[in-house]
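K.L.:
compute the structure for the input listed below.
(chains A and B)
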Amino acid sequence: MSTASNSAHRADAAMRTPSGGRIDRAQRIRFTFDGQSYVGAAGDTLASGLLANGVHLTGRSFKYHRPRGILAAGSEEPNALVTVSRDAARVTPNLRATQVELYDGLVAESQNRWPSLDRDFGRVNDLLSSFFPAGFYYKTFMWPKKAWKLLYEPMIRRAAGLGRAPAEADPDRYAQRYAHCDVLVVGAGPAGIAAALAAADGGARVILCDESAEFGGSLLTETGAVIDGQTALAWVQQGIASLAGNSRVTLLSRTTGFGYFPHNLIGLNQRLNDHVAVLPKNEPRERLWQVRARAVVLATGAIERPLVFPGNDRPGILLAGAAHTYLNRYGVRVGTRAVIVTSGDDAYQAALDLQNAGTEIAAIADLRPEVAGALPDAARRAGIHILPASTVLGTEGDLRISAVTLGVVQGGSVRAGQRIACDALLMSGGFTPSVHLFSQSRGKLKWSAEHQAFIPETSAECERSAGACRGVYELAEVLADGAMSGAASAPEPSHTQRRFSVQALKRDSRAYLGALPQANPPSSDKSFVDWQHDVTTRDLALATREGFQSIEHVKRYTTTGMATDQGKTSNLNAMAIVAKSLDVAIPQVGLTTFRMPYTPVTFGSLAGISRGDLFDPVRTTATHSWAQARGAVFENVGLWKRARYFPRGGEDMHAAVARECLAVRSACGIFDGSTLGKIEVVGPDAAEFMNRLYINNWSNLGVGRARYGILLRDDGFIYDDGVVARTGADRFHVTTTTGGAPRVLALMEDYRQTEWPELKVWLTSTTEHWAVIAVQGPKSRQVLESLVEGIDISAAAWPHMSVGHGRICGVPMLLFRVSFSGELGFEINVPADFGLGVWEAVHAAGQAHGITEYGTETMHVLRAEKGYIIVGQDTDGTLTPDDAGLTWAIGKAKADFVGKRSLDRASMKSPDRKQLVGLRTKDPNVVLEEGAQVAATAGQKPPMKLIGHVTSSYASSVLGHSIALGVVAGGRARLGQTLYVPMPGGDIEVEVTSPVFYDPTGARINA
Amino acid sequence: MLLIVCPYCGKRPELEFTYGGQAHLTRPRQPSQLDDQAWAEFLYMRTNTKGVYAERWRHARGCGRFFNALRDTTTDHFLAFYKTGEAQPVLATPPDQRAQPASSAPPAPPAPPGPGGRSA
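P.N.:
Numbering: from 1, shown residues only, chains lettered A, B, ... in the order given. So this is what the prediction gives:
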């Protein structure tokens, strides 16, 4: 450890100015960074707090592990990524130190270093960097193939990782809110505040948001400006006070507009409590706003552009505007002796203010050959040495810059200039308008040679860009632009234009693009374009040499602009370098797509309350509590919780299911079938509607009778199935699969509303109206005889597939005689509120007959023993009724039904189609895996010829061997053949059988 | 999230709707009279328009009704909403002339049209 320098850093805020800024020096805030304690002031960010203590080194770079310092003062910061933790569960990685507000006791750590920030082992990567060119992942780690998973990937992930996610569940709450407004203003700098004031003047409902803790934007830095006779800060405070006093205005600080979605829906992320020392109880940590705005004003400002030169990434090298902000907003000097490199006038104000605060300005190296204007003149008057036609050839210093070597550009060539010792190098390449949200809204950008940047051209939504984000930089114009945008966005535009008188020096905000001119040969040090992903000029040149021409391809190959900062400081320089290297104009290279989020948004904020038990709604049936009390094991079926089996005395699933199956086959079982979808189809044309929709003939189905119905889509494939009962001449009770109920109703409604509006028929979902209690087994009639009133359920009077209204336990009932088990069976439908009571009564009455409650697993085994399909398990959207062996169900006399025409296509009649068959393993104890493939020949090696797959497979305790259903090409012609199910342990021999394993004659249904 | 104007209920967020694909396709009254090619055309072939597209929506988590909309697939702007069975409205201006400058010049916001559309 270099303890000498560290102890110097620990001296109490040595770089803090005695006065000024938006901080409260009286409130001392203690915090730690990498275990060392520091003291900051209320109002500090972690970055300003560290800089006040003279700490620049805050991270190691992603690939080369070079020491990195704070570059910026805002959300564009690429280097100073830290992990902030409150406890084991509250660990937030990859936060920008420039946006982390200090609170007393804050604990922050740097990332991507080992063992420590100032002695990082990974630095060896920098020395070996010729082995890490662009695309090195693709080139280096190709062989041997197996090493990727075992060696390379874990190694790269460890070495190149950013922060680590917390290991514990997030204990915090996150809120979400929908809001509507007339005008949403994103960004509360001069343009945004002027826009909000003007829109509010027009009576608009306004939301003004800013990502920072304090409103004012650039005016918090440009404190020397005078607006309408008051200081910039006073103007901001007066404007915000006026907005805060307006009940139609909502002010949101610490709120980032992160995404612009269609039709003026803007996503805002508000950080409510990340800045407080003691988390308030029961308050959310963050709030996600979804704002639907009638009009949007984007006043998102501009980001200062760094300059690209060798060694431009040492700690102590900052954006000039950032240094200006640290001084004027946070009362921090970023160095004692600074050199400034700039392409325009903006850095001169920073130089003047820093000099006033006691930082020596060693020189201003200006890229322009001629330097004139009000600000340079002011600098000259202040005795600052200005070097025109300058460039930077290199820098020195290990963990902090110690000197810079300038160059002089003369007639197209570069000669070496002065070497100047310094502890800060402040650079300014002009501004890049923040067009992220504009571009996300699908607005069209245009290249502006004047700005050396892309600026908004045509809006796609009801949106206006105002101020620096569209290349308007002069304060007076920025204010006027904001006010005009705000006024025009109000529902009733007020044409009384606000005018602003501004006293500020005229400035030439000339921008520079691409790498700075270098001597020949250039320095061997790297020139960084993308700090966060360690992309250098050489990487970009290599990519173009290797044939990449589109910026989208260069981006992916070099990963420039693909880090968490999305290239806020790097994209335009990268484009310019690629354009130069390809010798084309910049607009020809194109611009990469801007994607949301503008800055990272936590998963917690996006998820809101949708986690744990609240992730999805839970549907339970009337007997849920009863099953719970019996220790049932539940499974999720769609949103439903269904009892899967009822273990007794330590039984596992296999034992419980074997017992339940045996009970149903030998005596009687009771099963909750309430989750089945139910749709009431009613009207004079109900039968006609059903005839057009389902494959079956419904005209000849009498009232009081039921039939197994099959629904296809018009492509001829099975969509759903279920028993359909005719409960009146004009009324059908249609049941669907548990998962299929909503889509069947939607399909029915589609045909009813859009194809056959002439039919008088109405559809109602009655799924949750009825509780369904299935009583199945040879003794089921005996159980029910004593309970059922109003229906003679004797075998003679009430055959299979009868349905009728009666009463049970005094409750109105719709009773079915149906079977999904192959046994004699009934299904009792009672209003859901009576479901539990009737269930308990039936269960009690059945005790004398050995009634046994059973779950979905037993239901599945019983139906598979009978070869009854489950749509979605045994069918997959490619099975016709004939494939499933259900041709008998088709109403042959019908001219048409949904899907009929498709069944007539030649390919639908091919004998080689996959058909449902039974598969019986030669070894009765082997249970096939569902989804396993089926082959005609044994011992195949990949690629195998496969002719089908297993759809259902169970151990059948009743039959004493395993059973399986499957679909096999030409399966019905293969009865008796031996096929093979290839598995990792070898082929499993199976015999093709009928899908009906149990009671093939169906005698038991009439037992 | 799109803002959709149900002709029966008014302006609602996209969450309440399900998409119904291309509009103005009518199921043949006598499919058995069609040859395989014609049936396949009806069943599978859909246009993939860049520009104004007539499409179906259903206010599934609202009134449950199907209706039609004209949407510019390049901008996601809706140009009309109209009821099932109504003819596709004829647009007065081509959609590419609806664009507006990004500056603070007076706007022509493409507000979603009211219910009912301009049906023929």
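K.L.:
from here on, contacts and neighbour counts on C-alpha atoms
P.N.:
Will do.
K.L.:
tell me the contacts of the residue nearest to A:Pro190 when sequence neighbours are not counted?
P.N.:
Closest residue to A:Pro190 in three dimensions, ignoring its sequence neighbours and counting by Cα to Cα, 6 or more residues apart in numbering or on different chains: A:Leu479, at 5.8 Å. Contacts for A:Leu479 were tallied using Cα atoms under 8 Å, 6 or more residues apart in numbering or on different chains; they are A:190-191, A:194, A:467, A:500.
K.L.:
one more time with 6 Å
P.N.:
Counting by Cα atoms under 6 Å, 6 or more residues apart in numbering or on different chains, A:Leu479 touches A:190-191, A:194.
K.L.:
closest to chain B among the residues you listed?
P.N.:
Closest approach to chain B among the contacts of A:Leu479 (Cα to the nearest Cα): A:Ala191, at 11.7 Å.
K.L.:
contact partners of the helix or strand where the closest one lies?
P.N.:
Here A:Ala191 sits within helix A:190-201, counting by DSSP states H and E. By Cα under 6 Å, 6+ apart, the surrounding residues in contact with helix A:190-201 are A:299, A:467, A:478-479, A:482-483, A:485-487, A:490.
K.L.:
and the gap between the residue nearest to B:Thr49 when sequence neighbours are not counted and B:Gly51?
P.N.:
With Cα to Cα, 6+ apart as the criterion, B:Thr49 has its nearest non-adjacent residue at 7.2 Å, and that residue is B:Thr73. For B:Thr73, the distance to B:Gly51 equals 5 Å [Cα to Cα, to the nearest Å].
K.L.:
farthest-separated two in the contacts of helix A:190-201?
P.N.:
Across those, the longest distance by Cα to Cα is 18.6 Å; it joins A:Val478 and A:Ala490.
K.L.:
pretty sure A:Gly709 sits against A:Gly722.
P.N.:
Yes: in terms of Cα atoms under 6 Å, A:Gly709 counts as a neighbour of A:Gly722; the distance is 5.4 Å.
K.L.:
any idea how far apart the tips of stretch A:695-706 sit?
P.N.:
15 Å.
K.L.:
picking that back up, type out the PyMOL command that picks the buried ones from the contacts of A:Leu479.
P.N.:
Of these, the buried ones can be selected in PyMOL as follows, counting by 16 or more other Cα atoms under 10 Å in any protein chain shown:
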select buried, chain A and resi 190+191+194
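K.L.:
between the contacts of A:Leu479, which is nearest A:Tyr694?
P.N.:
Set against A:Tyr694, the nearest of the contacts of A:Leu479 by Cα to Cα is A:Ala191 (63.4 Å).
K.L.:
so who does the nearest residue to the closest one once chain neighbours are set aside touch?
P.N.:
Residue nearest to A:Ala191 in three dimensions, not counting chain neighbours: A:Gly482, with 4.1 Å by Cα to Cα, 6+ apart. For A:Gly482, the contacting residues are A:191, A:194-195, A:466, by Cα under 6 Å, 6+ apart.
K.L.:
pretty sure A:Gly482 is in a helix, no?
P.N.:
Yes: counting by DSSP: H, G, I helix; E, B strand; the rest coil, A:Gly482 is located in a helix.
K.L.:
gap between the spatially most central residue of chain B and B:Val90?
P.N.:
Against the mean C-alpha coordinate of chain B, by Cα atoms, centre = their mean, the closest residue is B:Ala69 at 2.1 Å. B:Ala69 is 12 Å from B:Val90, where distance means Cα to Cα.
K.L.:
next: A:Thr675.
P.N.:
Between A:Thr675 and B:Val90 the distance, using Cα to Cα, works out to 47 Å.
K.L.:
so for those two, which residue has more residues nearby?
P.N.:
The residue with more neighbours, out of A:Thr675 and B:Val90 and counting by other Cα atoms under 10 Å in any protein chain shown, is A:Thr675; that gives 25 against 11.
K.L.:
give the contact list for the more buried one.
P.N.:
The neighbours of A:Thr675, taking Cα under 6 Å, 6+ apart as the test, are A:Thr738.
K.L.:
does A:Leu866 touch A:Asp999 like I think?
P.N.:
For the record, residue A:866 is Lys, not Leu. No: taking Cα under 6 Å as the contact criterion, A:Lys866 and A:Asp999 are not neighbours in contact, 7.4 Å apart.
K.L.:
which one's more surrounded, the two?
P.N.:
A:Lys866 (21 against 13).
K.L.:
pLDDT at the more buried one, what is it?
P.N.:
For A:Lys866, the model assigns a pLDDT of 98.
K.L.:
ok, it - contacts?
P.N.:
Contact analysis of A:Lys866 by Cα under 6 Å, 6+ apart lists A:996-998.
K.L.:
could you rerun that using 10 Å?
P.N.:
A:Lys866 sits next to A:820-823, A:860, A:994-1000, A:1002 when contact means Cα atoms under 10 Å, 6 or more residues apart in numbering or on different chains.
K.L.:
so how many other residues sit close to the residue lying closest to A:Ser489 once chain neighbours are set aside?
P.N.:
The shortest distance from A:Ser489 to any residue other than its chain neighbours is 5.7 Å, reached at A:Ala295 (Cα to Cα, 6+ apart). The local packing count at A:Ala295 equals 26, with neighbours defined by other Cα under 10 Å.
K.L.:
now B:Lys11
P.N.:
As a burial measure, the neighbour count of B:Lys11 was computed by other Cα under 10 Å and equals 15.
K.L.:
and it, what element?
P.N.:
Assigning secondary structure by DSSP H and E places B:Lys11 in strand B:10-13.
K.L.:
starting at the chain centroid, how far to that strand?
P.N.:
Offset of strand B:10-13 from its chain centre (Cα atoms, centre = their mean, to the nearest Å): 14 Å.
K.L.:
and it, C-alpha only, in PDB?
P.N.:
What follows is strand B:10-13 as a C-alpha-only set of coordinates in PDB (Å, rounded to 0.1, in the frame of the first residue of the first chain):
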ATOM      1  CA  GLY B  10     -62.800   5.200 -25.800                       C
ATOM      2  CA  LYS B  11     -59.100   5.700 -25.200                       C
ATOM      3  CA  ARG B  12     -57.400   2.900 -23.300                       C
ATOM      4  CA  PRO B  13     -53.900   1.600 -22.900                       C
END
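K.L.:
partners of it in the sheet?
P.N.:
In the sheet containing strand B:10-13, the strands it pairs with under DSSP bridges are strand B:3-6 (antiparallel).
K.L.:
what is the rounded mean pLDDT of the partner strand?
P.N.:
For strand B:3-6, the per-residue pLDDT values average out at 96.
K.L.:
list the buried ones in it?
P.N.:
Residues B:3-6 are the ones in strand B:3-6 that count as buried (16+ other Cα under 10 Å).
K.L.:
and stretch A:513-527, by the same measure?
P.N.:
Buried positions in stretch A:513-527, judged by neighbour count with 16+ other Cα under 10 Å: A:513-519, A:526-527.
K.L.:
look at it and report the distance between its end residues.
P.N.:
Across its full length, stretch A:513-527 reaches 14 Å between end residues, using Cα to Cα.
K.L.:
what average pLDDT does that stretch get?
P.N.:
Average pLDDT, stretch A:513-527: 93.
K.L.:
same thing with stretch A:186-204?
P.N.:
Here stretch A:186-204 scores 96 as its mean pLDDT.
K.L.:
one more: stretch A:610-617?
P.N.:
The average of the pLDDT scores along stretch A:610-617 is 91.
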